[in-house]
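Colleague: have a look; sequence and predicted model below, questions after that.
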Amino acid sequence: MEKRLIECVPNISEGQNTDKINTIASVVETVEGVKLLDVDPGKATNRTVITFVGEPQKVIEAAFLLIKKASELIDMSKHKGEHPRFGATDVCPLVPVSGITLEETAEFAHKLGERVGNELGIPGYFYEKAAKNKRRINLAHCRSGEYEGLKDKFKDPEWTPDFGPSEFNDAVRKTGAIAISARDFLIAYNINLNTTSTRRANAIAFDIREAGRVKREGNPVTGKIVLDPQGEPERIPGKLKAVKGIGWYIEEYGIAQISYNLTNISITSMHEAFDETCKIADQRGLRVTGSELIGLIPLKAMLDAADYFLTKQERSLGISESEKIKIAVKSLGLDDLKPFHPKEKIIEYLLEKDEPPKLVNLTATALAEETASESIAPGGGSISAYVGALGVSLGTMVANLSAHKPGWDDQWESFSKWAVKGQEYKNKLLFLVDEDTRSFNRIIDAIRLPKTSAEEKMMRLEAIENATKYATEIPFQVMQVACASMEVMEAMIKDGLPNSLSDAAVGILCAKTAVSGAYFNVRINAKDLKDKTFVEDILDKAGKIYQQAKDIERSVIQIVDSKI
């Protein structure tokens, strides 16, 4: 069953005092099972974005402790900063990561808000998916007037807080208010300009952001505001949906930036916002020099950006993940103001930090030595998967070389598709390298179960049977993937770069070896199983794949021999 995880991204109104920031952020890790992913302070904005993840109940406990600590250490009556704000913990959004819906996440936001109001005496509003009032869906409306406007805001019945006190008492004077939400993944993203003009940065932001700008008569800056029949200002919408944005000057860097919130990256991605901003900036006589990511980003957003820029260059998309990350960083200028460290900014990489070491992350020498040691794993199944990964890597290499060959420009897209397929096969086989060893370890764990009573003996035998079935299914998957991957090498032998014919041929031999080796593992693991129906079925399927791989190898090698 998929683990229920949510991410919490509180923004605190302190970006300059490192001791305060670290003290506030560190309380998160006092809750067992919650992982602090990122602490991203901004001096000019005097604001820090903190990101952590865990199971829902544990996350809201950590969020409560963080809000409490921030209210103790931050005095809003003395706070100044470039970013809109109205509280010590200004906003606290909860974001579903896995195994939980946005609606369910909103219920946890409500639990957190009620506790903050009742136990800490901090007033606040629910916004976005957690909003209980339509006027409060938009964060900008909830935060209108900022901290300085809270005293008057609380007097307006329409702005009575959703939780906590509704008067501007001495405690609230210090803590301010808080906005709590459940929302989709949001990317806080700043684009750097070669100007110090906030007005010009704002002009670009108004061109781009969904809300656009207020419509005026005559002069677009100083002209009279045009009102609709209801007396509300008419607006000229911006170019991109699901984008909020303002311009500001950052003294720390000595430049103006456009600060975007990309509220739904499936509608407007980071690279689309960047490219459109480049176009508008150029029209206004400005240049984009790079960009800055605040907080964290999903891996997919970075890979999508790389694919976008590679496609514009008519280059193969079937390159490694690490190379794609480099392309995305350079194309977006994410290292313009300071170094960009993918291991610290990409969510999936941060979550991998505490995982046990993997065989596929060893050097080639270390993997060979680990295999040659007295340990019984990794064994033939893992090595078969690894040989298969090497084989399809060769086919992928030929596809990438063919896509970049001078004079073959009209075929780059076709070769790119083969390279992408090759990368997919390679990644599946690399996963199976470790999974085969893990499946064997499950058998050992089952064998070690207690067997003192009749019930324990029965449970132990059942666990051994189930673990052995899984250990049979994994090499069977290796067979399936390795056999299917032969299509990449076959295509490259027929149509790819002639000088790389031998490389693709070696790839075919490796893939066939992977299928054969995995077939032997299927057979040896299946022989000890009691479920004969399962055994008969999997051996029948495995035998057919083994024969298919032999036929493909024979056919393709004939083509190789005819071309050399």
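Modeller: Happy to help now that I have it. Numbering: from 1, shown residues only.

Colleague: okay, strands next: where are they in the stretch 1-150 of the chain?
Modeller: Along the stretch 1-150 of the chain, counting by DSSP state E, counting those that start in this stretch, strands occupy 5-8, 11-12, 35-42, 47-54, 89-98, 124-128.

Colleague: who's in contact with the third one?
Modeller: I take that to be strand 35-42. For strand 35-42, contacts defined as Cβ atoms under 8 Å, 6 or more residues apart in numbering pick out 7, 14-16, 18, 21-22, 25-26, 28-29, 47-54, 83, 252, 294-296, 344-345, 347, 350-351, 354. For glycine as for every other residue, the C-beta is placed from the backbone atoms N, C-alpha and C.

Colleague: one more time with 6 Å
Modeller: Strand 35-42 is contacted from outside by 15, 21, 25, 28-29, 48-53, 294-296, 350, using Cβ atoms under 6 Å, 6 or more residues apart in numbering.

Colleague: re earlier: and the strands of the stretch 1-150 of the chain as CSV, adding mean pLDDT and mean neighbour count?
Modeller: Formatted as CSV, those follow (pLDDT from 0 to 100; neighbours: other Cβ atoms under 10 Å):
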stretch, mean pLDDT, mean neighbour count
strand 5-8, 92, 23
strand 11-12, 96, 28
strand 35-42, 91, 20
strand 47-54, 93, 24
strand 89-98, 92, 24
strand 124-128, 96, 26
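
Colleague: so which of the contacts of strand 35-42 is the closest to Thr396?
Modeller: Leu350 (27.7 Å; Cβ to Cβ).

Colleague: now the closest one, what's its secondary structure?
Modeller: Secondary structure for Leu350, judged by DSSP: H, G, I helix; E, B strand; the rest coil, is helix.

Colleague: so who does it touch?
Modeller: Leu37.

Colleague: quick check: it vs Gln547, distance?
Modeller: Leu350 sits at a distance of 45 Å from Gln547 (criterion: Cβ to Cβ, to the nearest Å).

Colleague: with Trp159 instead?
Modeller: From Trp159 across to Gln547, the span is 74 Å (Cβ to Cβ).

Colleague: what about those two, which has more around it?
Modeller: Neighbour count, other Cβ atoms under 10 Å: between Trp159 and Gln547, Trp159 has more, with 20 against 12.

Colleague: just give the closest residue to the more buried one, not the sequence neighbours.
Modeller: Excluding its sequence neighbours, the residue lying closest to Trp159 (Cβ to Cβ, 6 or more residues apart in numbering) is Lys153, at 4.8 Å.

Colleague: tell me the predicted confidence for Met486.
Modeller: Note for Met486: predicted pLDDT of 98.

Colleague: secondary structure element for it?
Modeller: helix 454-495 (DSSP states H and E).

Colleague: contacting residues for Gly81?
Modeller: Thr45, Asn46, Arg47.

Colleague: hmm, 10 Å instead?
Modeller: By Cβ atoms under 10 Å, 6 or more residues apart in numbering, Gly81 lies in contact with Ser13, Glu14, Gly15, Gln16, Gly42, Lys43, Ala44, Thr45, Asn46, Arg47, Asp90.

Colleague: of the residues you listed, closest to Ala366?
Modeller: Nearest to Ala366 among the contacts of Gly81, with distances taken as Cβ to Cβ, is Gly42, at 41.2 Å.

Colleague: separation between that closest one and Gly117?
Modeller: 28 Å.

Colleague: do Ala203 as well
Modeller: 40 Å.

Colleague: quick revisit: quick one: the strands of the stretch 1-150 of the chain as CSV, columns for distance to Phe415 too.
Modeller: Formatted as CSV, the strands of the stretch 1-150 of the chain follow (distance: least, Cβ to Cβ, whole Å):
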stretch, distance to Phe415
strand 5-8, 38
strand 11-12, 45
strand 35-42, 38
strand 47-54, 39
strand 89-98, 35
strand 124-128, 44
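
Colleague: how is the residue nearest to Gly254 when sequence neighbours are not counted assigned, secondary-structure-wise?
Modeller: Leaving aside its chain neighbours, Gly254 sits nearest to Thr196 (7.0 Å; criterion: Cβ to Cβ, 6+ apart). With three-state DSSP as the basis, Thr196 sits in coil.

Colleague: Thr196 contacts Gly247, correct?
Modeller: No - here Thr196 lies out of contact with Gly247, judged by Cβ atoms under 10 Å, at a distance of 11.1 Å.

Colleague: find residues that contact each of these two.
Modeller: Ala256.

Colleague: so for these two, which residue has more residues nearby?
Modeller: Higher neighbour count among Thr196 and Gly247: Gly247, with 21 against 13, using other Cβ under 10 Å.

Colleague: got the phi and psi for the residue nearest to Trp159?
Modeller: phi -60, psi -40 (degrees, to the nearest 10).

Colleague: pLDDT at it, what is it?
Modeller: 94.

Colleague: which residues touch it?
Modeller: Here Lys153 is in contact with 86, 123, 142-146, 159-161, 166, 168, 177 (Cβ under 10 Å, 6+ apart).

Colleague: same thing with Gln477?
Modeller: When contacts are counted by Cβ under 10 Å, 6+ apart, Gln477 touches Ala385, Lys428, Leu429, Phe431, Leu432, Glu435, Asp436, Ala518, Val522.

Colleague: so the last one sits in a strand?
Modeller: It stands for Val522. No - under three-state DSSP, Val522 falls outside any strand and is assigned helix.

Colleague: quick one: contacts for it?
Modeller: Val522 touches 381, 471-479, 535, 538-539, 541-543, 545-546, counting by Cβ under 10 Å, 6+ apart.

Colleague: mind giving me the ChimeraX command for buried ones among those residues?
Modeller: Per 16 or more other Cβ atoms under 10 Å, the buried members of the contacts of Val522 correspond to this ChimeraX selection:
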select :381,471,472,473,474,475,476,477,478,479,535,538,539,542,545,546
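
Colleague: good, wrapping up.
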